[in-house]
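Enquirer: Sequence and predicted structure, then a few things I'm wondering about:
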Amino acid sequence: MPKFQCPFKKSFDFPYVISKEKPNDLASLAYQKAVDNLIYANLDEKYKVISIIPTMKDEHQANIVTNLGYILNEKKKKVLVIDLDFRNPRLHVVLKSGMDQGIYDYLFKNVEIKNIIQKDKTYGFDFVLVGKSINSITQVLESKKLSDMVESLKDSYDMILLISPSLMHSKDGFNIAKLSDGILYLVSKKSSNKQLVDTNYRSLKQMSIPILGSLLLDYKEKERLLGIPLL
Amino acid sequence: MQDQIYEQENEISLVDLFLMIKKYFLFLVAFTLLGGAIASIYAFGISPKTYQADVQIMVAGQHQAVKDFIISDAVILEAIDNLDLNMSVSSIQEGLTITFNTASKFMDISLKLDQRNYTRNILNEILNVAADYSDNNTLYASYKGLMTYPTGVSGEYRVGPNYFLIIFIGMLLGGIVSLGYVFIKEMMFPKYHTKEALEKSLDCDCLGLIPSYDQKGGHKNA
């Protein structure tokens, strides 16, 4: 008997990483192409820490970053994914991992960095979860301790991907961008408001942090196949 | 200069409009049909039906006097009484139209009412009463021989409502309302639909187009 699934449940609650599950699927190929372009955009490997900043309504950025991390790992890159979405952390759901230890323990319990880094055996990359919920999110994101943590991890990894909450809901993305060397800007064709995308992009650009590029999400399959930008 | 560029980008082009209509095509068609359906319900079920009966009589001069005689309160009241109707004189007078040409011996009379089967009978009765008065009532003896009533009222037919017009207006309104909704929605919540538009507006490379997929890997929009 098929398991009942609530039709109103948000898609990001389902830990389905398509690049792993269906590597030949068109969505997986699209992710692979995006990763290739990301590597080309970072040819000199100047940008080690990349913040993935979305502007869309549906927060499935943890799923997107997991797909990117998995493909980067497949390309023999040593990747660390850090969930900095303190408001609605989803990485542990996608990775089906318990929220035992995380950034909270590093910041407030003085747990060593190496103890909060976990290795994901399914997708091959390392990750850091949020841990317990934090109320003073802005202060934490602006803290030197967090920035030192990210800085200290740079040497150990080829690429560090920072998961940011959507700029639609909070301005945390700007603080997370400050922790990174480059920004990958996520725009949803379905739910990103054009004016909001423009405004936030201009604000990010004013921070003088290089924007490596953007990803246009929720594209229709038919459009890709026909090569026609249908609505 | 930068503001000017942004202003230009915010304008909607004909291509955008066409793509917008294409995107919401089914919605627009459905809403247009819904408008037509509502108009049909109104036209066939709610709106009052108007019926008309016509007759032509021969007049031997004094056309205006004959007209005034036919539409007089006395004649119409007598007709109402004879038919035992619960109607006012004025309501029948409003629906009664008499046209003539003084050079012609014919006079066209038509009666338009909201009730079926009434127009023919009432018009018939009015002419009968008029003929009876002119023949037998000394007060109206001056009208004797002025009018002849050769053919009788042939029948009645529906003149309103105009079903096609109402349904057409309903569909038109449905189309306009849905188009307005779509237009406002797209103008108030514009989105980037193409890679080129995104790259042009943000002045940065679009590294990938990721299709949406659900938890089972099926493509939502495929």
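Expert: Sure thing, it's come through.
Enquirer: in what helix or strand does A:Lys205 lie?
Expert: Here A:Lys205, judged by DSSP states H and E, is contained in helix A:194-206.
Enquirer: Pull out the buried residues from that helix.
Expert: A:194, A:196-198, A:200-201, A:204-205 (16 or more other C-beta atoms under 10 Å in any protein chain shown). Every residue, glycine included, has its C-beta placed from N, CA and C.
Enquirer: Stretch B:124-136 now?
Expert: By neighbour count with 16+ other C-beta under 10 Å, stretch B:124-136 contains the buried residues B:124-131, B:133-134.
Enquirer: Likewise for stretch B:155-164?
Expert: For stretch B:155-164, by 16+ other C-beta under 10 Å, it's B:156, B:160-161.
Enquirer: Repeat that for stretch A:180-198.
Expert: Neighbour counts over stretch A:180-198 (16+ other C-beta under 10 Å) mark A:180-194, A:196-198 as buried.
Enquirer: what do you get for stretch A:88-95?
Expert: Counting neighbours by 16+ other C-beta under 10 Å, stretch A:88-95 gives A:89-92, A:94-95 as buried.
Enquirer: same thing with stretch B:135-145?
Expert: For stretch B:135-145, by 16+ other C-beta under 10 Å, it's B:140, B:143.
Enquirer: Rebuild the buried residues of stretch B:155-164 as TSV, extending it with pLDDT.
Expert: Below are the buried residues of stretch B:155-164 laid out as TSV (pLDDT from 0 to 100):
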residue	pLDDT
B:Glu156	83
B:Gly160	83
B:Pro161	89
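Enquirer: give the contact list for B:Ser47.
Expert: Counting by C-beta atoms under 8 Å, 6 or more residues apart in numbering or on different chains, B:Ser47 makes contact with B:160-161, B:166.
Enquirer: From the buried residues of stretch A:180-198, list the ones also adjacent to chain B.
Expert: Contacts with chain B within the buried residues of stretch A:180-198, counted by C-beta under 8 Å from any C-beta of the partner chain: A:184-185, A:187-194, A:197-198.
Enquirer: List the residue ranges of chain B that fall below the pLDDT cut-off.
Expert: For chain B, residues meeting the criterion pLDDT under 70 lie at B:1-13, B:150-151, B:214-222.
Enquirer: In it, what residue spans correspond to helices?
Expert: In chain order, chain B shows helices spanning B:2-10, B:14-23, B:25-41, B:63-70, B:73-83, B:89-95, B:118-136, B:163-188, B:195-202, with DSSP state H as the criterion.
Enquirer: among these, which is nearest chain A?
Expert: For chain A, the closest of those is helix B:14-23, at 3.4 Å, according to C-beta to the nearest C-beta.
Enquirer: buried residues in that closest one?
Expert: B:19-20.
Enquirer: Format the CA atom coordinates belonging to that helix as CSV.
Expert: The C-alpha trace of helix B:14-23 is given here as CSV (Å, rounded to 0.1, in the frame of the first residue of the first chain):
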residue,chain,number,x,y,z
LEU,B,14,4.7,43.1,-26.6
VAL,B,15,6.7,39.9,-26.5
ASP,B,16,6.2,39.8,-22.7
LEU,B,17,2.5,40.4,-23.2
PHE,B,18,2.3,37.6,-25.7
LEU,B,19,4.2,35.2,-23.5
MET,B,20,2.0,36.2,-20.6
ILE,B,21,-1.1,35.3,-22.5
LYS,B,22,0.4,32.1,-23.6
LYS,B,23,1.3,31.2,-20.1
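Enquirer: which non-adjacent residue is nearest B:Phe106?
Expert: B:Gln56 (5.4 Å; C-beta to C-beta, 6 or more residues apart in numbering or on different chains).
Enquirer: what do you get for B:Thr97?
Expert: Per C-beta to C-beta, 6+ apart, closest to B:Thr97 is B:Ser110, 4.9 Å.
Enquirer: quick one, domains of chain B?
Expert: As recorded under automatic domain parsing, the domains making up chain B are B:2-45+B:164-202, B:50-160.
Enquirer: okay, now A:Thr138: neighbour count?
Expert: Using other C-beta atoms under 10 Å in any protein chain shown, the number of residues around A:Thr138 comes to 13.
Enquirer: Let me know the secondary structure of it.
Expert: Look at A:Thr138: counting by DSSP: H, G, I helix; E, B strand; the rest coil, its state is helix.
Enquirer: Phi first, then psi, for the nearest residue to it once chain neighbours are set aside.
Expert: Leaving aside its sequence neighbours, A:Thr138 sits nearest to A:Asn175 (C-beta to C-beta, 6+ apart; 6.5 Å). Backbone torsions of A:Asn175, given as degrees, to the nearest 10, read phi -70, psi -40.
Enquirer: From A:Asp198, how far off is A:Asn175?
Expert: 21 Å (C-beta to C-beta, to the nearest Å).
Enquirer: likewise B:Val59?
Expert: B:Val59 is 80 Å from A:Asp198, by C-beta to C-beta.
Enquirer: Also B:Tyr140?
Expert: When B:Tyr140 is compared with A:Asp198 (using C-beta to C-beta), they lie 86 Å apart.
Enquirer: Looks to me like A:Gln32 is in a helix.
Expert: Yes. When three-state DSSP is applied, A:Gln32 is found to be in a helix.
Enquirer: Can you get me a residue count around A:Leu43?
Expert: 7.
Enquirer: Can you give me the distance of it to chain B?
Expert: 13 Å (C-beta to the nearest C-beta, to the nearest Å).
Enquirer: Got phi/psi on that residue?
Expert: Residue torsions, per degrees, to the nearest 10, at A:Leu43 are phi -60, psi -40.
Enquirer: I'd like to know how far it sits from A:Met207.
Expert: From A:Leu43 to A:Met207 the distance is 23 Å (C-beta to C-beta).
Enquirer: wait, is A:Tyr47 part of a helix?
Expert: No. Counting by three-state DSSP, A:Tyr47 falls outside a helix, being coil.
Enquirer: I figured it hits A:Gly213, correct?
Expert: No. A:Tyr47 is beyond contact range of A:Gly213, at 11.0 Å (criterion: C-beta atoms under 8 Å).
Enquirer: These two - which one has more neighbours?
Expert: A:Gly213 (23 against 19).
Enquirer: quick one, what contacts that one?
Expert: A:37-38, A:41, A:184-185, B:204-207.
Enquirer: quick one: which of those is nearest A:Tyr104?
Expert: Closest to A:Tyr104 out of those is A:Leu184 (25.4 Å), distances taken as C-beta to C-beta.
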